[in-house]
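K.L.:
model this:
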Amino acid sequence: MSSAPTWLTLTDARLRNLKGFDVHIPLGRLTMVCGPSGAGKSTLFRDMLYPAVAHAIKTKTAKLTGKAYAKATDYPSSGVGRSLANAASDSTLSAPFSTLTGAHGFKQVIEVDQSPIGKTPRSTPATYLGIFDLIRTFFAGIPESQIRGYTAGRFSFNTAGGRCETCAGGGRVKLEMAFMPDTYLPCDDCRGTRYAPELSDLRWKGKNIADVLALTFEEAVTYFDFHSQLSQVCQLMCDCGLGYLTLGQSSPTLSGGEAQRLKLVTELTHGLASYRERSRNIGFQNLYILEEPTIGLHLSDCEKLIGVLHALVDQGHTVIVIEHHLDLLAEADWILELGPVGGPDGGELLYEGPLAGLLKQKNSPTAPYLRTKLKL
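P.N.:
Numbering: from 1, shown residues only. Purely as a prediction, here's the structure:
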């Protein structure tokens with residue numbers, strides 16, 4: 001069996017300001033993408049590679065040609081990715097690339113971008129992560145709930161029946177102030193739990209539904225140790241430095257950095273192995289594409305993020321990160337630099353290869369900063 005690495009290869013990339021170069025991404029490695037703003041990083045990876053890989057996975061195509069991709073997606077009028085229709089200023093441009101190989105072996109491609117998460121008061125980490133449905137199902141399955149005829153919907157604080165009607169499941173009531181902004185106080189009836197009193201005596205593993213939502217994710221890892229999916233999601237939150245948040249914390253109380261990491265965990269959970277894959281020890285590879293995941297993060301949080309990225313690679317996944325943060329760039333197994341500037345004069349591939357090679361490049365805009373960071 002050959003020990004040569006396998007590659008994700010895109011040839012003749014020529015979308016927007018990209019100058020028609022080839023890109024080689026090693027599979028099962030951490031690849032960092034750097035370069036000045038406007039150099040074409042997002043165009044290359046989010047607007048071209050992401051939808052092309054998704055199409056190759058869907059059609060199980062080992063070698064996807066740009067013409068076949070353009071025909072199947074009605075490029076450039078289809079708007080695949082992010083408004084590719086606006087990307088094709090030249091009406092004679094038939095395809096954004098020549099060929100894509102090595103993508104068909106991925107189970108899925110997962111993108112984590114900078115779009116904000118929901119900020120409604122009823123949104124919580126548990127609902128955003130998609131685990132609250134499972135928790136409500138467990139409570140609906142206990143004998144007392146079945147005797148009373150309660151379904152999972154009874155344990156939702158968004159619908160009538162199980163929620164506190166005084167605050168309508170919000171856990172707080174608005175106090176209107178004359179000549180001053182409105183303020184909010186904890187609900188006197190439910191004391192901020194959001195639930196009606198008849199649910200308080202329905203307990204699962206010694207806790208009622210409000211108690212479970214009051215757990216931190218660190219506590220929830222142990223509480224849900226019997227369920228692999230729930231425990232993995234809670235552990236991911238801890239790995240990303242969010243173990244102190246509670247499952248039922250209101251989303252508007254999260255900082256920008258916390259919200260961004262919550263979104264990262266949400267996307268990472270989409271790539272977790274299914275029960276069938278875990279029970280049968282079925283291996284698979286995902287492609288993760290992240291754009292500047294360090295925005296809003298403290299240095300210590302960046303270190304935790306680096307640990308999560310390395311853990312994904314250790315599991316066999318391929319991770320591509322568009323980033324300016326020098327601490328993350330220094331962790332690269334493989335690095336690409338686009339430049340030399342942004343806009344029409346950018347869009348060139350200045351370097352691709354191991355990090356050590358970039359440090360030796362004299363025309364690299366990034367190398368001097370990296371050498372200073374690494375004290376070389």
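K.L.:
what domains does the record give for this protein?
P.N.:
7-106+285-373, 125-212 (automatic domain parsing).
K.L.:
out of the ones you listed, the one nearest L254 is which?
P.N.:
L254 lies closest to domain 125-212 among the domains of the chain, at 8.0 Å (CB to CB). Heads up, the C-betas are built off the backbone N, CA and C, glycines and all.
K.L.:
quick one: closest of the domains of the chain to C238.
P.N.:
C238 sits nearest to domain 7-106+285-373 of all the domains of the chain, at 9.0 Å, using CB to CB.
K.L.:
distance between that closest one and the chain's centre?
P.N.:
With CA atoms, centre = their mean, to the nearest Å as the basis, domain 7-106+285-373 stands 16 Å off its chain's centre.
K.L.:
OK, contacts around Q108?
P.N.:
Counting by CB atoms under 8 Å, 6 or more residues apart in numbering, Q108 touches I57, H270, G271, N286, L287.
K.L.:
would you check how far apart the third one and F217 are?
P.N.:
Going from G271 to F217 by CB to CB, to the nearest Å gives 19 Å.
K.L.:
of the two, which one has the most company?
P.N.:
Set G271 next to F217 and count neighbours by other CB atoms under 10 Å: F217 wins out with 26 against 18.
K.L.:
which residues touch that one?
P.N.:
Counting by CB under 8 Å, 6+ apart, F217 touches P125, C234, M237, C238, L242, G243, Y244, L245, T246, L247.
K.L.:
wait, doesn't the first one sit right on L245?
P.N.:
Pointing back at P125 there. Yes. Contact criterion CB atoms under 8 Å: P125 and L245 qualify, at 5.7 Å.
K.L.:
which residue packs closest to P186, ignoring adjacent ones?
P.N.:
Spatial nearest neighbour of P186, chain neighbours left out: G192 (4.2 Å); criterion: CB to CB, 6 or more residues apart in numbering.
K.L.:
same check, this time on A56
P.N.:
Distances taken as CB to CB, 6+ apart put A103 closest to A56, at 3.9 Å, once the chain neighbours are dropped.
K.L.:
state the number of residues packed around the one you found.
P.N.:
A103 has 26 nearby residues by other CB under 10 Å.
K.L.:
re earlier: which of the domains of the chain is buried the deepest?
P.N.:
Comparing these by mean neighbour count (mean count of other CB atoms under 10 Å), domain 7-106+285-373 comes out on top with a mean of 18.
K.L.:
end to end, how far does it reach?
P.N.:
With CA to CA, to the nearest Å applied, domain 7-106+285-373 spans 29 Å between its terminal residues.
K.L.:
also stretch 360-374?
P.N.:
End-to-end distance for stretch 360-374: 13 Å, by CA to CA.
K.L.:
what does it rub up against?
P.N.:
34-36, 326-327, 329-330, 337, 339-340, 350-351, 355, 358-359.
K.L.:
which one of the residues you listed sits closest to M177?
P.N.:
So of the contacts of stretch 360-374, ranked by how close each gets to M177 (CB to CB), first place is D327, at 45.5 Å.
K.L.:
dihedrals phi and psi, that closest one?
P.N.:
phi -60, psi -40 (degrees, to the nearest 10).
K.L.:
with Q108 instead?
P.N.:
Dihedral angles for Q108 - degrees, to the nearest 10 - are phi -160, psi 160.
K.L.:
what pairs with it across the strands?
P.N.:
Beta-bridge pairing of Q108 under DSSP bridges involves N286.
K.L.:
can you check the one 4 residues further on too?
P.N.:
Beta-bridge partners of V112, counted by DSSP bridges, are L290.
K.L.:
for it, give me its contacts.
P.N.:
K263, L264, E267, L268, Y288, I289, L290, E291, P293.
K.L.:
helix, strand or coil for the fifth one?
P.N.:
So that's Y288. Of the three states, Y288 takes strand under DSSP: H, G, I helix; E, B strand; the rest coil.
K.L.:
by mean pLDDT, flag the weakest helix or strand of the chain.
P.N.:
helix 80-87 (a mean of 44; mean pLDDT, DSSP states H and E).
K.L.:
strands of the stretch 51-200 of the chain, residue ranges please.
P.N.:
Secondary structure of the stretch 51-200 of the chain (DSSP state E, counting those that start in this stretch): strands at 63-65, 99-101, 108-112, 172-175, 183-186.
K.L.:
hmm, back to that, ok, so of the contacts of Q108, who is nearest T11?
P.N.:
Nearest to T11 among the contacts of Q108 is L287, at 17.6 Å by CB to CB.
K.L.:
where does the stretch 251-376 of the chain dip in pLDDT?
P.N.:
Of all residues in the stretch 251-376 of the chain, those with pLDDT under 70 make up the ranges 273-279.
K.L.:
if we go to 90?
P.N.:
The model of the stretch 251-376 of the chain has pLDDT under 90 over residues 251-284, 292-305, 307-308, 311-312, 315, 363, 373-376.
K.L.:
pretty sure G38 contacts G343?
P.N.:
Yes. G38 is in contact with G343 according to CB under 8 Å; the separation is 5.1 Å.
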